[in-house]
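1. Predicted structure and sequence below. I'll ask about it afterward.
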Amino acid sequence: MRQLLAAGGALALIGTLFASPAVAAQTVAAGTSTVPSPGPLAEGDVIYQVLVDRFSDGDSTNNNQGAGEYDPSNLGMYHGGDWKGLTQKLDYIANLGVTAIWISPVSEQQPLSRDGLEASYHGYFTKNFATPNQHFGSTAELQTLIDTAHAKGLKMILDVVPNHTADYLAGTSTTYSPSTYKPASPLDNSSYFHHNGDCLFNGTETQTQIENCDLGGLDDLDQSNATVSNYLTTTYKDWVDMGFDGVRVDAARSIPKTWLASFQSSLGVPSFGEVFVGDVDYVAPYQNYEWGVLDFPYFFTARSAFSADTSMTALSGLFAQDNKYVNPNRLETFLDNHDRARFLTWADDNYQRLRSALTFLLTSRGVPVIYYGTEQADNGNGNATEVPIANKDNRKDMTSFSQTSTLYTHIQRLTAIKKANPALQIGKQREMWADANVYGFSRRVDSTGAEAITLSSNSWNTQTRTIPLRAESSIPVGAVLTNLMNTSDTVTVTAGGTTGKQITVSLGEHESKVYAPGTPVSAYTPPARNTTKIRVHYNTGVGHNIAIRGDAYPFSWAAGRGARNVAPDVWEFELERIPAGQSFQFKPLIDDATWSSGSNYSGTGGSVIDIYPSF
């Protein structure tokens, strides 16, 4: 068994290793890996999250299992992605510079939900924990995926689902009806489950109730039952022993904390749990029982600040609570995931906002997670709805594997500078500046003095600040700091300020910069942006606005995109998605209700388009 990294001695690994139960007939049939692992999940890693079904179809013969679950035209059904297809795309993932891949749950699924409207492509309707999902392939193909990934230096993270099975028991029923509609043995005994009905998540439930209710109707397993606990532990240990280097625990909030600790200890690899709450005080205690935790407080705060230009001071309030965690560098941070709308749907499809947010994500404390498709500017079909969760438009098929696209290359640069700078991997984060439009922090390895500084702006206009270096910094006056995201940009540390050392920095439109002393890993000039800018010259009067509709995304004829007022008679909308030279049609509206008179306007991608409409 590979050794589990201890969380600074503070991890409460409660319980002992489970004995192997006689009732757990294991059928994982794992192969023997001959490829050494790059090591367990660790600080400094960058995770790429994949929904296997939506990534790449390497074997069309496993697509349709005949239960009505396969329909590539329906985002709620299986689409055909599998382990073979993912294996074929590992170079694409490795070249992005990430160090680990988090894949969908591997176990056999109930093909459809109880109502038949949703398939189990995501992996959360478990029927048999010990056998593979036939849509994804065989255990031999999974072993090949793991071995190939390891050979390319990529760690493998398994998504585990010990909280529940599929929805076999209706409501609070204790009887399977029909008797054949039930999970596989040995969990086909209804006494192994709680029977309290669906979780309400209305703020009135106690923690005990949350741990004993059905999540979305899915049958809630009773981990206090020895048979259940032993079966889950030994079965997932078999999967992990195929070569997984960490696990993500689904619905960790719904599982007793002490069981999470015992589970991690038994698996022998670091785990991080899904605690779908934005409150640090609620999330932080889970790191006493697991190596890491998905950082939902970070997600909600960062997404708002970077996609919607809300005050950056909220980031200050977030990070001020880092002392509540065992180790904030082991929190899994993210901007997109499979349950939330795509960042770009919140950001008005503004690529520059996403670039800045990704720079912040890849350089701030924690283990960043990049959700598949973010690097290809997945638009989420423009659907920002996520009540109670987003589970359709944010789970589209991967359609582009370009390694030259603007966001792919931006992430490549970020992973390169992260790999080259220990401060960006394990450095302690300390705030340097916070106001409504600018936030800055230092990350420093105090034992060596290695340091990097990230500064971010969420303003449309250039923001210039003179910012003191931290008192802890060993960077001297006169040192030249280079922006690692544009190495032609440097600043010199001057005397002055509250600590005697300071830098003056100018940040452009929605820009993040990463400064470090010494020689950068390589020279880098950011590629030119393919910006299309529509400028509508019209004075709407007080209390009114201009929206734009059109025939090319991010525009549509059904609803308008709000333009930004930059002068009393000028409204502006900026985008990058329309390719340079591509023509499109558009039209402005007052208050997205009153159309401009005359014909549609014609535009060309990559240009500035000035129009003077009448209404």
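-> That came through fine. Numbering: from 1, shown residues only.

2. now the helices for the stretch 351-500 of the chain?
-> If DSSP state H, counting those that start in this stretch is used as the criterion, the helices of the stretch 351-500 of the chain fall at 351-363, 406-420, 423-426.

3. The stretch 101-250 of the chain too?
-> Here the stretch 101-250 of the chain has its helices, by DSSP H, counting those that start in this stretch, at 139-151, 207-210, 226-240.

4. Next, count neighbours for the nearest residue to residue 449 once chain neighbours are set aside.
-> Using Cβ to Cβ, 6 or more residues apart in numbering and skipping the chain neighbours, the partner closest in space to residue 449 is residue 474 (4.2 Å). All C-beta spots, glycine's among them, are computed from the backbone N, C-alpha and C. As a burial measure, residue 474 scores 14 neighbours (other Cβ atoms under 10 Å).

5. I'd like the numbering to begin with 13 instead of 1 from here.
-> All set: I'll call the first residue 13, so the last point we hit is now residue 486.

6. on that earlier part again, looking at the helices of the stretch 113-262 of the chain, which is closest to residue 510?
-> The closest of those to residue 510 is helix 219-222. By Cβ to Cβ, the value is 43.4 Å.

7. Quick one: residues in contact with the closest one.
-> Contact with helix 219-222 is made by 208, 211, 213, 265-266, as judged by Cβ atoms under 8 Å, 6 or more residues apart in numbering.

8. List buried residues within these.
-> The neighbour-count test (16 or more other Cβ atoms under 10 Å) applied to the contacts of helix 219-222 identifies 211, 265-266 as buried.

9. from the residues you listed, which single one is nearest residue 140?
-> Set against residue 140, the nearest of the buried ones among the contacts of helix 219-222 by Cβ to Cβ is residue 266 (20.9 Å).

10. So that closest one sits against residue 206, correct?
-> No: contact criterion Cβ atoms under 8 Å: residue 266 and residue 206 do not qualify, at 10.1 Å.

11. so what sits against both of those two?
-> Shared contacts of residue 266 and residue 206 (Cβ under 8 Å, 6+ apart): 225, 232.

12. hmm, which two among the contacts of helix 219-222 are most spread apart?
-> Among the contacts of helix 219-222, the pair separated by the greatest distance (Cβ to Cβ) is 208 and 265, at 15.7 Å.

13. Provide a list of residues in contact with residue 258.
-> By Cβ under 8 Å, 6+ apart, the neighbours of residue 258 are 52-53, 112, 167-170, 281-284, 303.

14. picking that back up, nearest to residue 48 among the helices of the stretch 363-512 of the chain would be which one?
-> Nearest to residue 48 among those is helix 418-432; the distance by Cβ to Cβ comes to 19.6 Å.

15. Now do the closest one: which elements does it pack against?
-> Packing partners of helix 418-432 (3 or more Cβ pairs under 8 Å, 6 or more residues apart in numbering; DSSP states H and E): helix 363-375, helix 435-438.

16. CA-only coordinates of the first one in CSV, if you can.
-> Extracted C-alpha coordinates of helix 363-375, given in CSV (Å, rounded to 0.1, in the frame of the first residue of the first chain):
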residue,chain,number,x,y,z
TYR,A,363,-12.5,35.6,-22.3
GLN,A,364,-10.4,38.2,-20.6
ARG,A,365,-12.3,37.8,-17.4
LEU,A,366,-11.7,34.1,-17.6
ARG,A,367,-8.0,34.5,-18.3
SER,A,368,-7.6,36.7,-15.3
ALA,A,369,-9.6,34.3,-13.1
LEU,A,370,-7.5,31.3,-14.3
THR,A,371,-4.3,33.2,-13.5
PHE,A,372,-5.7,33.8,-10.0
LEU,A,373,-6.8,30.2,-9.7
LEU,A,374,-3.4,28.7,-10.8
THR,A,375,-1.3,30.9,-8.5
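
17. average pLDDT for that helix?
-> The average pLDDT within helix 363-375 is 99.

18. Show me what that helix packs onto, helices and strands only.
-> For helix 363-375, the packing partners by 3+ Cβ pairs under 8 Å, 6+ apart come out as helix 308-319, helix 355-358, strand 379-383, helix 418-432, strand 462-469, strand 524-529.

19. Name the surrounding residues that touch stretch 419-437.
-> Here stretch 419-437 makes contact (Cβ under 8 Å, 6+ apart) with 55-56, 58, 107-110, 363, 366-367, 370-371, 374-375, 382, 386-389, 414-415, 455-457, 460, 462-464, 496-497, 526, 528, 532-534, 536, 538-539.

20. try 6 Å
-> The contact list for stretch 419-437 (Cβ atoms under 6 Å, 6 or more residues apart in numbering) reads 56, 58, 108-109, 367, 374-375, 387, 389, 455-457, 462-464, 496, 533, 536.

21. now these: which count as buried?
-> Neighbour-count burial (16+ other Cβ under 10 Å) is assigned, among those, to 58, 108-109, 367, 374-375, 387, 389, 455-457, 462-464, 496, 533, 536.

22. Give me the phi and psi for the residue nearest to residue 461.
-> Per-residue torsions, residue 486: phi -100, psi 10 (degrees, to the nearest 10).

23. Wait, it touches residue 459, no?
-> No: at 11.4 Å, residue 486 does not count as touching residue 459 under the criterion of Cβ atoms under 6 Å.
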